[in-house]
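Student: Generate coordinates for the sequence data below:
(one chain, ligands or ions: 2)
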Amino acid sequence: MTSRDHTTFEQHNKILNDDTARAAYAAEHNGYRPALLPRLLGSFLILSGNVIYGKEPSYLKFRAVEIIARVPYHSWDSAAYTLMTFFFFDEQRALSLAHTSRFARFAQDNETMHIVVISRLAVFYEKIGLIRGSLIPLWFAFFYFWWSYTLYFINNRWSYELNYLFEQHAYDQYSRFLELEEEALRSRDVPSDYLAWYGRTPADQYEFFRSIRNDELIHRNESIEAIAAEKARRAAKGGKK
Ligand SMILES: [Fe+2]
Ligand SMILES: [Fe+2]
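Tutor: Residues are numbered from 1 along each chain as shown. Ligands and ions are numbered 1, 2, ... in the order given. Reported below is the predicted structural model:
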C-alpha cells in the first residue's frame, strides 16, 4: 500500500500519461484474479451500470461511477477506525490501520474531486435526471458501502479485490472515452474552482479525463498492494511469535 503526499501522487499521475510507462505500471497487476464473492459482487455492479447507463462511456455514466467509487474508501476508513478501538494496544496493528486510513482518506479526496468536477461538466453536455443522475447511483453507493465495510471485517482481501474490479472498470471506461471523444474533449475546457483548489490545471477536458484515467489505475494497483502489505504484516507478526 502506498501512502504519499499530494505532490508525489500528482507526479506519478503525470508519468502515467506516457503509454509505455502506463502499460508497465498496469502490467504489475493486470490479470489479477479475485475470489468468487468479489467477482460476483463486482460483476453485478458493472453489469447493472451497463444496463442502466449503456455499455459505452458518457458524462452521465461517469457521474454514477464516481458517486459509487468514493464509498469503498470511506468504508475502509470507517472499518479501520472501528478496529482501532479494539487494537490500539497492538502497536503494529495500529500502524497497519493508520496506513489503511491514510491511504483511504487520500483516495477518497481524489474520488471526491472526480465527482464534483464531473457532475459539473455533465450538466453542460447531457440531460441529468433525478433518477438516473442521483437516486440510482446513491442506492448502489449505499449497498456498496456496506458490502465493502462488511467484507473488510470478514476478509479484507475480498474488499480490496472488489475495489480492484470496480477501478479496473473505471479505468477501461475512461480509456474508451478518451479514444472515442478525443477531438471533442480537446476543444472543451474545465471550468472548475474545485479542481483548481485540488491542484490540477488541465488545459482541456482531454487532459482532465486522462488524469482521471490515471488516478483509477493507481487506485486499482494500490488495492492489490494493500493486500500484499496486509499479508506482510501478518507474516511479520507470525515470525515474531
Ligand atoms: Fe474516480
Ligand atoms: Fe478510483
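
Student: Every contact and neighbour count from this point should use C-alpha atoms.
Tutor: Fine.

Student: and after the helix ranked longest in the chain, which helix or strand comes next?
Tutor: Ranked by number of residues, the top helix in the chain under DSSP state H is helix 136-186. As assigned by DSSP states H and E, the chain's next helix or strand after helix 136-186 is helix 193-198.

Student: Can I get that following helix as PDB, trimmed to CA atoms?
Tutor: Extracted C-alpha coordinates of helix 193-198, given in PDB (Å, rounded to 0.1, in the frame of the first residue of the first chain):
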ATOM      1  CA  ASP A 193     -12.900  26.200  -8.900                       C
ATOM      2  CA  TYR A 194     -12.800  22.800  -7.100                       C
ATOM      3  CA  LEU A 195     -10.300  21.400  -9.500                       C
ATOM      4  CA  ALA A 196      -8.100  24.500  -9.100                       C
ATOM      5  CA  TRP A 197      -8.300  24.100  -5.300                       C
ATOM      6  CA  TYR A 198      -7.400  20.500  -5.600                       C
END
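
Student: picking that back up, for the longest helix of the chain, packing partners?
Tutor: Contact here means 3 or more Cα pairs under 8 Å, 6 or more residues apart in numbering; DSSP states H and E; on that basis helix 136-186 packs against helix 36-53, helix 59-69, helix 71-87, helix 205-240.

Student: pLDDT of that helix, averaged?
Tutor: The pLDDT scores in helix 136-186 average 97.

Student: Could you tell me the angle between it and helix 205-240?
Tutor: With axes from the mean of the first three to the mean of the last three Cα atoms, to 10 degrees applied, the angle from helix 136-186 to helix 205-240 works out at 130 degrees.

Student: and helix 136-186 with helix 36-53, angle?
Tutor: Using the same axes, to 10 degrees: helix 136-186 against helix 36-53 is 70 degrees.

Student: from the chain's centre, how far out does helix 136-186 sit?
Tutor: Distance, stretch centre to chain centre, for helix 136-186: 6 Å (Cα atoms, centre = their mean, to the nearest Å).

Student: do the same with stretch 110-123
Tutor: 13 Å.
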